[in-house]
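*Asks:* Quick check, what structure comes out for this input:
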Amino acid sequence: MPSTNSLPRRRPGRIPLLLASLAGTVVTGALVLTGINGGPAASAAATVPTSSDTAPASSASRADGWQATQVPVKKGDLTAIAALSDKQAWAVGYRLKSATALEAVALRWDGTSWTQESTLPENSFPQALAVRSATDIWAVGSASVHWDGSKWTTHQLARDPGGHVVPDAVTTTSDGKAWTVGRAMSRSIKDGVPAIQSWDGTSWQRQTLPDVGTGELSSVTAVAPDDIWAAGAAYAADATSPQTALLLHWDGTSWKRVTVPGPQKSHNWLGGVTAFASDDIWAVGGSTSGSADRPLAVHWNGTAWTAAKTPDVADGRLRAVGKAANGDLWAVGGKGPATVALRWNGKTNQWDTASTPGIVVRSFTTVPKSADLWAAGISEQGDLVPAITRLKG
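*Replies:* Numbering: from 1, shown residues only. Next up, the predicted model:
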């Protein structure tokens, strides 16, 4: 996500400008995936979609097993997906009701099909999910909303001296807390500063962060209540300085910045971070020099962060990373229809290219106790056609 001071921004999973303009607010996206805490999900009384509002599934699956599934939204966007099991998964996004009206929706997978479970509060515009159980789900975007199994409730974020808080990602911890990360901005994205808030069971609390200048946080993952990582980018201080990848760590007492290895004299950023253990954490993003992008992936072994070898692929901006139950490690991203998927090769200790989900990916998730993968977003063809594809492991 290069600095707005130098290069065009490459936000992970940003919703189409049409939807943002209709919403009348600044909305960003984040990718959700299963890490050490399991994954996201949701559940309640499902509403069976009518055939007129069901986007058709592709008639053919991809050669490696990625297969389209029908979704009960004919036109709109799906921005986040998460799973509790192979029979419980949730996705959130938007239905475009007219040229000037949007409706935020939550979909549920029951092991056979996707149905609409609920609509979210007006102006919530969800971008990320965190699910502890089918009756304990957080969705964040232009607002923070919680699902208790029967209804969504809006909870206001705490005020931030940096300005209006726009969350990009959310996670939960074993002590019952939720954490959301993003940015606070007074006038525009250009003057945004990283922002983190925690839910204490009653209200959101602003976190004190080290001064990194302008920037943003795009992803968060928790190993334990006292071991949390947030990833994003610190913007370039001036036109001659590079943007740098940003990693912050919570040790139960304070947030500290951690140095991220990566190409020098390049604009680096991180779009996703996921913990599998306290000594096994991956963060992924991209590196831009001139007009060329390439994937960036770094690994924490409990002692140090090191950069991993990635293939030189066009528009190789990684936005999420996750590990399937069979041990396969995946990273997904891209720019618009130029989707990128990588799989870790343990024999050569490098990332190799893999077949992609075949959609414009907004979100990607693994499935606990399963080798399956899900990807959600919009179709590569058509005008704002929501799409969800699955890779059966």
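*Asks:* What separation is there between the closest residue to Thr69 other than its chain neighbours and Leu247?
*Replies:* For Thr69, ignoring the flanking residues on the chain, the nearest one in space by CB to CB, 6 or more residues apart in numbering is Ile388 at 5.2 Å. (Each C-beta comes from the backbone N, C-alpha and C, glycine too.) Distance, Ile388 to Leu247, using CB to CB, to the nearest Å: 30 Å.
*Asks:* Show me the strands in the stretch 151-300 of the chain, by range?
*Replies:* 152-154, 164-172, 178-185, 193-199, 204-206, 215-224, 227-234, 244-250, 255-258, 267-277, 280-289, 292-300 (DSSP state E, counting those that start in this stretch).
*Asks:* now the angle from the second one to strand 267-277?
*Replies:* Here the directions of strand 164-172 and strand 267-277 differ by 30 degrees (axes from the mean of the first three to the mean of the last three CA atoms, to 10 degrees).
*Asks:* mind exporting strand 164-172 as CSV, just the C-alpha atoms?
*Replies:* Output of strand 164-172 as CSV, limited to C-alpha atoms (Å, rounded to 0.1, in the frame of the first residue of the first chain):
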residue,chain,number,x,y,z
HIS,A,164,-12.6,9.7,12.4
VAL,A,165,-11.7,6.0,13.0
VAL,A,166,-12.0,3.7,10.1
PRO,A,167,-11.4,0.0,11.1
ASP,A,168,-10.0,-2.4,8.5
ALA,A,169,-9.7,-5.7,10.5
VAL,A,170,-11.0,-7.3,13.7
THR,A,171,-10.1,-10.3,15.8
THR,A,172,-11.1,-11.9,19.1
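*Asks:* partner strands of it, parallel or antiparallel?
*Replies:* Counting by DSSP bridges, the strands paired with strand 164-172 are strand 178-185 (antiparallel).
*Asks:* now the partner strand against strand 227-234, angle please.
*Replies:* Using the same axes, to 10 degrees: strand 178-185 against strand 227-234 is 20 degrees.
*Asks:* Tabulate the CA atom coordinates of strand 178-185 in PDB.
*Replies:* Extracted C-alpha coordinates of strand 178-185, given in PDB (Å, rounded to 0.1, in the frame of the first residue of the first chain):
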ATOM      1  CA  ALA A 178     -12.200  -8.100  20.500                       C
ATOM      2  CA  TRP A 179      -9.500  -6.000  18.800                       C
ATOM      3  CA  THR A 180     -10.000  -3.800  15.800                       C
ATOM      4  CA  VAL A 181      -7.300  -2.000  13.800                       C
ATOM      5  CA  GLY A 182      -7.300   0.600  11.000                       C
ATOM      6  CA  ARG A 183      -6.600   4.300  10.900                       C
ATOM      7  CA  ALA A 184      -7.900   7.600  12.300                       C
ATOM      8  CA  MET A 185      -8.000  10.600   9.900                       C
END
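*Asks:* Of all the residues in that strand, which ones are buried?
*Replies:* Buried positions in strand 178-185, judged by neighbour count with 16 or more other CB atoms under 10 Å: 178-185.
*Asks:* give me the low-pLDDT residue ranges for the stretch 51-200 of the chain?
*Replies:* 51-64 (pLDDT under 70).
*Asks:* redo that, cut-off 90
*Replies:* Residues of the stretch 51-200 of the chain that meet the criterion pLDDT under 90 lie in 51-65, 98-100, 123-124, 142, 186-191.
*Asks:* One more: the stretch 201-350 of the chain?
*Replies:* Within the stretch 201-350 of the chain, the ranges that satisfy pLDDT under 90 run 236-242, 262-266, 288-293, 312-316, 334-338.
*Asks:* In a strand, the residue nearest to Thr69, correct?
*Replies:* Yes: counting by DSSP: H, G, I helix; E, B strand; the rest coil, Ile388 is found in a strand.
*Asks:* Report the separation between it and Ala130.
*Replies:* 19 Å.
*Asks:* and if you look at Pro121?
*Replies:* Distance, Pro121 to Ala130, by CB to CB: 17 Å.
*Asks:* Over to Thr69?
*Replies:* 23 Å.
*Asks:* same question, Lys309
*Replies:* Counting by CB to CB, the gap from Lys309 to Ala130 is 31 Å.
*Asks:* if we can go back for a sec, when Thr69 and Ala130 are compared, which one has more neighbours?
*Replies:* More crowded of Thr69 and Ala130, by other CB atoms under 10 Å: Ala130, with 27 against 17.
*Asks:* The more buried one contacts Thr171, correct?
*Replies:* Yes: using CB atoms under 8 Å, Ala130 is in contact with Thr171, at 5.0 Å.
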